[in-house]
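Colleague: Sequence and predicted structure below; questions after.
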Amino acid sequence: MEKILLLDIPNYHRIDVYREHGGYETVKKAYSMSPDEVIDEVKKSGLRGRGGASFLTGLKWSFMPKTSDKPKYLCINGDESEPGSFKDRQIFEFNPHALIEGALIACYAIQAKAAYIYVRGEYHNWIEMLQKALDDAYSMGLVGEKMKETFQTPYECNIYIHKGAGAYICGEESSLMNSIEGKRPYPRVKPPFPAQNGLWGCPTTINNVETISNIPAIIKNGWQWFSRIGEPRHPGTLLFGVSGHVMKPGVYELPSGVLLTDLIYNYAGGVPGGKKIKCVIPGGSSMPPLRGDQIEGVKMDAESLKAAGSAIGTGGVIVMDEDTDLVRVLARITKFYYHESCGQCTPCREGTGWMLKALNRIARGQGTTSDLELLIDVAKNIEGNTVCALGDAAAWPVKFMITRFRDEFEKAVKKEVVMPVASMVHSMRHTALPLAELKKN
Amino acid sequence: MDFKFTEENLSRIESVRKKYPDSKAALMPVLYIAQEQNGYITREVMDEVALVLGIKAVDVLGVATFYTMYHTSPVGKYHLQVCTNVSCMLKGGYEMLEETVKKLGIGVNEVTPDGKFSIEEVECMGSCGTAPMMAVNNDYFENLTKEKLNEILDSLK
């Protein structure tokens, strides 16, 4: 089976081994093309972003202004903080030079002055591995001012690593840029989009680590080759991180469109103890969860998962067996978004806290059926009402988990609705009963 | 208590600044250098960072207090970060946290009286495939069991 990123070549992370296998030769090929030709090649390949939104990479690059008085930048998102996602870490460890080579090509295509690779602070040891790879590339004259000589080109760029400090929100593109700029990392209102107004107000493109690491192979082998791998609407291989209740958790590089059941049962070895699957989150904790009976025949690519009622996200598959307490799971997921909400927008800042309180109440056995309605109501009022997608990411698991596993949540709450007078007064607006009548009851 | 960067760290700061077009962008790496030198980040440290970078102290405060990896109060020599997020939770993350709390006799976000250990319950660290996990300072310990956890804690002198 074809692999692009996680190859079975020992010591591939070392620059000498990488170069023995043709590493950094593709930069020469790219630099012999015009920047627009490179963009065109990526466009035709159909490569879609691997960071969650699955946006067409070539199209994103083409948004960059051709002429600009300001310098242009490339940001590479390696914040990787989505629960269930642990793929970029494999690239830093096993194939850092594909990332660096991809950055050199991407920078050229958009004519960027520099690339900033943003890596989450917790990955301290992986930052050191990536820094070592980058230092090696610099000392061989592959990056920076010496590259003019090495590649016989008038073009040069620099690549820097920026270390995050433990904030999930920095995976959001505009928050990431504020973080690099040394500002409090609140997401920015869009438009203007990064291509117009990105890092330091300059035209900027931002791509995921895995996306950029695919670029050398596409330029080397041509768009036709890439577009034939996996599902045509979302071509290439994807790094699927499988975790939770499976025998062999880990990252599997497989062509897009692989069956979710194949991924779980064949590659990840199935569920321990032969138990049934209750729930699968197919793309990291922000994505709508699927019931065990919804996963049959579902392919792992953006379009198929959308049709199945979820999303590919970052390809982080979390499997939960039949004994899993979904109330606890949802409470834990919500705790995460409550903790990570940056506090800029009221619906997300306050709403995540409300949802957590209600879920904890249910987990303690003190919830009522009205809490379920309250949760869905709060989720709906967060979704779409915030500057960035963290609000949606917090709302979706609540909305879909309760809707899709209604039975389980119904069982966890008290049937009778214990309504304090205050909320009865509130509900009066929807009834014809006068307040005095309600108080009598 | 006054805080001043060492000569060595001042030259590190100079080289960090070269990565960015303005000095404000060097704030995050400089806060890491400050934390490395002082152990944690006090108001005095923030003031000094602001002075060295030529930026406003309030901007330093805004950034230093936003992120979880900048400590504004002391942490132990071994800062234990136990993940309890969903993938770890499914594999016993909470049991690992409870075991750590029980073993060290301190609560989450507390430091042992000898200053050796502190415990933090952390959000996903990207070890979902090797859950449950704990990080000791910068190092990851994965596929934990209670025995393995105890062994690791006993080995930390």
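Modeller: Structure received. Numbering: from 1, shown residues only, chains lettered A, B, ... in the order given.
Colleague: hey, let's count contacts and neighbours off CA atoms from now on
Modeller: OK.
Colleague: All the helices of the stretch 201-350 of chain A, residue numbers only.
Modeller: Taking DSSP state H, counting those that start in this stretch as the test, the helices found in the stretch 201-350 of chain A are A:209-221, A:223-227, A:260-262, A:302-307, A:326-340, A:346-363.
Colleague: so which of those helices gets nearest chain B?
Modeller: Minimum separation from chain B across those (Cα to the nearest Cα) falls at helix A:326-340, 6.4 Å.
Colleague: Buried ones in the closest one, by neighbour count?
Modeller: Across helix A:326-340, burial judged by 16 or more other Cα atoms under 10 Å in any protein chain shown covers A:326-338, A:340.
Colleague: circling back to that earlier point, including distance to residue A:383, could the helices of the stretch 201-350 of chain A go into JSON lines?
Modeller: Below are the helices of the stretch 201-350 of chain A laid out as JSON lines (distance: least, Cα to Cα, whole Å):
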{"stretch": "helix A:209-221", "distance to residue A:383": "27"}
{"stretch": "helix A:223-227", "distance to residue A:383": "34"}
{"stretch": "helix A:260-262", "distance to residue A:383": "27"}
{"stretch": "helix A:302-307", "distance to residue A:383": "18"}
{"stretch": "helix A:326-340", "distance to residue A:383": "13"}
{"stretch": "helix A:346-363", "distance to residue A:383": "8"}
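Colleague: Find me the pLDDT at the most far-flung residue of chain B relative to its centre, would you?
Modeller: Checked against the mean C-alpha position of chain B, the extreme residue using Cα atoms, centre = their mean is residue B:21, at a distance of 27.4 Å. On the pLDDT scale, residue B:21 is placed at 97.
Colleague: would it count as being in a helix?
Modeller: No. Using DSSP: H, G, I helix; E, B strand; the rest coil, the assignment for residue B:21 is coil, not a helix.
Colleague: if we can go back for a sec, Throw the helices of the stretch 201-350 of chain A into TSV and include mean pLDDT and distance to residue B:15, thanks.
Modeller: What follows is the helices of the stretch 201-350 of chain A, written out as TSV (pLDDT from 0 to 100; distance: least, Cα to Cα, whole Å):
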stretch	mean pLDDT	distance to residue B:15
helix A:209-221	98	25
helix A:223-227	98	40
helix A:260-262	98	48
helix A:302-307	97	43
helix A:326-340	98	32
helix A:346-363	98	38
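Colleague: can you redo those helices as CSV with distance to chain B?
Modeller: Below are those laid out as CSV (distance: least, Cα to the nearest Cα, whole Å):
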stretch, distance to chain B
helix A:209-221, 15
helix A:223-227, 28
helix A:260-262, 17
helix A:302-307, 21
helix A:326-340, 6
helix A:346-363, 14
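Colleague: closest to residue B:140 out of the ones you listed?
Modeller: Between residue B:140 and the helices of the stretch 201-350 of chain A, the shortest gap by Cα to Cα is with helix A:326-340, which sits at 20.4 Å.
Colleague: Quick one: end-to-end distance for stretch A:266-274.
Modeller: End-to-end span of stretch A:266-274 (Cα to Cα, to the nearest Å): 13 Å.
Colleague: List the buried residues of stretch B:15-35.
Modeller: Buried residues in stretch B:15-35 (16+ other Cα under 10 Å): B:16-17, B:19-20, B:23-35.
Colleague: among these, which are in reach of chain A?
Modeller: Applying Cα under 8 Å from any Cα of the partner chain to the buried residues of stretch B:15-35, one finds that B:19, B:24-29 fall near chain A.
Colleague: just those residues now: which is nearest chain A?
Modeller: Nearest to chain A among these, with distances taken as Cα to the nearest Cα, is residue B:25, at 4.2 Å.
Colleague: Report the beta-bridge partners for residue A:281.
Modeller: residue A:318 (DSSP bridges).
Colleague: Quickly list the domain ranges of chain A.
Modeller: A:15-227, A:237-321, A:326-412 (automatic domain parsing).
Colleague: Just put those in TSV and tack on distance to residue B:63.
Modeller: Shown next, in TSV, are the domains of chain A (distance: least, Cα to Cα, whole Å):
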stretch	distance to residue B:63
domain A:15-227	5
domain A:237-321	26
domain A:326-412	12
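Colleague: nearest to residue B:140, of those?
Modeller: domain A:15-227 (8.8 Å).
Colleague: quick one: terminal-to-terminal distance for that closest one?
Modeller: 28 Å.
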